[in-house]
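Asks: Predicted coordinates and the sequence they were generated for:
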Amino acid sequence: MPAANALEASLARSPRIRTAKHLLEICAALKGEAMLPGVEPAARCGAAKPPDLADVRGQFGAKRALEIAAAGEHGLLLIGPPGAGKTLIAQRLPGLLPDLDDDEAVEVASLESAAGRRPSPNLRRPFRNPHHTASVAALIGGGGFRPGELSLAHRGVLFLDELPEFARNALEALREPLESGVVALARAKRCYEWPARFQLVAAMNPCPCGYHGDARSSCRCTATQVARYRNRISGPLLDRIDIHVEMRALPPEALLEDASCGGEMTADVALRVAAARRTQVARQGKLNARLTAVEVTRICRLGRDSSALLARAITRLGLSARAYHRVLKVARTCADLSGAAQIGAAHIGEAIQLRAPDKPIC
Ligand SMILES: [Zn+2]
């Protein structure tokens with residue numbers, strides 16, 4: 001391996017890997033005149049501590065939604081006015097997720113290397129937040145046969161702030177990788193595939209001005225403007241995001257509270273997340289967000305009470321078949337977080353709450 005790639009090579013943990021700075025060094029080694037050095041195991045420390053959940057004041061509903069998203073690897077859409085803390089919440093997701101295992105670390109480092117970036121020597125999951133002006137090529141890859149943002153977020157988090165501002169073809173390009181975990185590209189008569197199994201967190205304002213539904217600020221957007229803004233995100237894409245949560249602006253008195261009012265630390269929540277993820281893998285070999293429709297029917301069975309509650313919600317919210325399966329998956333994660341073997345009415349109720357923004361705009 002070229003010495004410059006020693007870091008990536010070290011992740012493979014093979015004693016057979018040797019590095020050279022120059023072709024003459026290889027010639028010397030082949031003639032038996034010198035030994036090529038191996039690679040040291042990458043030092044997997046020194047990563048900055050991720051931002052902590054306890055630093056975010058209030059927003060307990062959004063924090064709970066983040067915990068559920070982390071536990072089941074569910075996609076998360078945060079809807080709220082500017083300043084509600086949507087970005088703060090999104091940035092705290094990687095800290096709740098378990099570290100990359102050795103194989104995942106090699107995948108992440110390979111993709112970073114292929115993109116021409118120097119891989120980071122820690123096991124923290126990637127967090128990518130491309131700007132809404134990013135081109136489709138920058139998002140899905142293909143420019144110079146390099147992987148794009150979706151693949152750089154592989155095994156980690158892709159955060160798309162101001163989701164409706166992304167170009168429509170960029171949003172549509174998300175749909176297939178969200179299902180398959182792969183970006184497939186045909187360029188110059190060749191096909192390329194990059195892994196892109198990321199967890200999507202998206203954020204948006206409730207309307208073009210940002211203050212629809214806020215009691216203190218007067219939103220001047222008409223119902224048509226609000227509907228047009230929300231319709232920039234297609235139904236099929238929204239359906240692929242399991243959890244939708246509304247965030248309100250914090251009241252001024254909340255800003256004056258001392259830091260201890262932030263609630264639980266990331267480390268404590270991460271313990272519950274890890275336990276729930278272990279439960280899922282032991283039961284079905286994968287996380288709840290990855291369950292197929294057939295598996296949902298088999299694994300997410302409901303009692304009579306929860307069935308009736310869900311049936312009423314389907315009628316009231318007009319949920320699509322896809323949204324129905326997503327409610328069941330999220331309910332399964334709520335049950336796993338509480339250590340319950342069976343999905344109860346409370347879990348279904350919480351999962352329905354997390355689809356509440358599906359309700360019509362009034
Ligand atoms: Zn508005």
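Replies: That came in fine, so what should we check first?

Asks: quick one: buried residues of the helix or strand hosting D268?
Replies: Per DSSP states H and E, D268 falls inside helix 266-284. If you call a residue buried by 16 or more other C-beta atoms under 10 Å, then helix 266-284 has these buried ones: 266, 269-270, 272-273, 276-277, 279-280. Just so you know, the C-beta spots here come from the backbone N, C-alpha and C atoms, and that holds for glycine as well.

Asks: what's in contact with the helix or strand following it?
Replies: Using DSSP H and E, the next helix or strand after helix 266-284 towards the C-terminus is helix 293-299. With contact meaning C-beta atoms under 8 Å, 6 or more residues apart in numbering, helix 293-299 is reached by 283-284, 291, 325, 328-329, 332.

Asks: again, 6 Å this time
Replies: Residues from elsewhere that reach helix 293-299, judged by C-beta atoms under 6 Å, 6 or more residues apart in numbering: 284, 325, 328.

Asks: what sits against the second one?
Replies: Going back to what we said before, that points to H325. H325 touches 293, 296, counting by C-beta under 6 Å, 6+ apart.

Asks: Let me know the pLDDT of it.
Replies: Here the pLDDT value assigned to H325 is 88.

Asks: In which helix or strand does it reside?
Replies: Using DSSP H and E, H325 falls in helix 321-337.

Asks: and that helix, how far from the chain's centre?
Replies: Taking the mean of its C-alpha atoms, helix 321-337 sits 17 Å from the chain's own mean (C-alpha atoms, centre = their mean, to the nearest Å).

Asks: And the next helix or strand past it?
Replies: helix 345-353.

Asks: pull the CA atoms of that following helix into CSV?
Replies: Extracted in CSV, the C-alpha atoms of helix 345-353 (Å, rounded to 0.1, in the frame of the first residue of the first chain):
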residue,chain,number,x,y,z
ALA,A,345,-51.9,0.5,23.3
ALA,A,346,-49.5,3.1,24.8
HIS,A,347,-46.8,2.2,22.3
ILE,A,348,-49.3,2.4,19.4
GLY,A,349,-50.5,5.8,20.8
GLU,A,350,-46.9,7.1,20.9
ALA,A,351,-46.2,5.9,17.4
ILE,A,352,-49.4,7.6,16.1
GLN,A,353,-48.3,10.9,17.8
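
Asks: residues making contact with it?
Replies: By C-beta under 6 Å, 6+ apart, helix 345-353 touches 305-306, 309-310, 313, 327, 330-331, 334-335.

Asks: near the ion too, which of those?
Replies: Residues of the contacts of helix 345-353 in contact with the ion (C-beta under 5 Å from the ion): none.

Asks: now, which of the residues you listed sits nearest the ion?
Replies: A313 (27.5 Å; C-beta to the ion).

Asks: which ones are touching that closest one?
Replies: By C-beta under 6 Å, 6+ apart, the contact list for A313 reads I352.

Asks: Secondary structure element holding it?
Replies: helix 304-317.

Asks: can you list the contacts of helix 293-299 in TSV and add distance to L163?
Replies: Output for those, formatted as TSV (distance: C-beta to C-beta, whole Å):
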residue	distance to L163
Q284	30
H325	22
L328	24
